Structures are given as structure tokens and as C-alpha cells.
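**Student:** Sequence first, predicted coordinates after that:
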Amino acid sequence: MKLLEVGNLDGLLTLIIAIMFGPAILLAIIGFAVLKKNKKAAKILFILAVVYLIISLGICGALISGF
């Protein structure tokens, strides 16, 4: 039962990493799925994915590094 040890923060780190990369990857996958039908919508989804990734890396990266 390593997950229930006192002082073990592996689950928290996994959650922060999932919040950092999860929505950006999901938006990119949806963008690739929509690419053939509607290029403009796919382009917007790709831009949103990149913007989300930049912002989440800044905020969550600051939390992980200890600022």
C-alpha cells in the first residue's frame, strides 16, 4: 500500500502532470479528427491546445518548482 503512506506525494504529482498535459493533448486529438472536415475549426483547436499548454506549464511548473 505505497499509495497510502504518510508523506507520499506521488498521486499529487501525477494529478498535476495530468492537468498540465491532459486537456492540451485532448484538444490536439480533436483537432486532428476535425482537420479533414473543417480546417478553420481544427486550426483554432490547435491554437487553443498550444495556449493551454503554455499557460499550464507556467502555472503548474511554478507550483512544482516551489515558487
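**Tutor:** That came in fine, so what should we check first? Numbers count the residues shown, from 1 in each chain.
**Student:** which regions of the protein lie under the pLDDT threshold?
**Tutor:** For the chain, the stretches flagged by pLDDT under 70 are 1-5, 67.
**Student:** if you set the cut-off to 80 instead, what comes out?
**Tutor:** 1-10, 59-67 (pLDDT under 80).
**Student:** List the contacts of residue 46.
**Tutor:** Neighbouring residues of residue 46 by CB atoms under 8 Å, 6 or more residues apart in numbering: 27-28, 31. C-beta coordinates here come from the backbone N, C-alpha and C atoms, glycine included.
**Student:** quick one: the residue nearest to the spatial centre of the chain from residue 40, how far?
**Tutor:** Centroid check for the chain by CA atoms, centre = their mean gives residue 21 as the closest residue, at 2.1 Å. Taking CB to CB, to the nearest Å as the measure, residue 21 falls 25 Å from residue 40.
**Student:** try residue 55
**Tutor:** 23 Å.
**Student:** neighbours around residue 27, how many?
**Tutor:** 20 (other CB atoms under 10 Å).
**Student:** I'd say it and residue 45 touch.
**Tutor:** Yes: Residue 27 is within contact range of residue 45, at 5.2 Å (criterion: CB atoms under 8 Å).
**Student:** one step back: so residue 55 and residue 40 - more neighbours on which side?
**Tutor:** For the pair residue 55 and residue 40, the greater number of neighbours falls to residue 55 (12 against 8), based on other CB under 10 Å.
**Student:** Could you check which helix or strand contains that one?
**Tutor:** helix 39-65 (DSSP states H and E).
**Student:** Would you mark the buried spots in that helix?
**Tutor:** By 16 or more other CB atoms under 10 Å, the buried positions in helix 39-65 come out as 42, 45-46, 48-49, 52-53, 56, 60.
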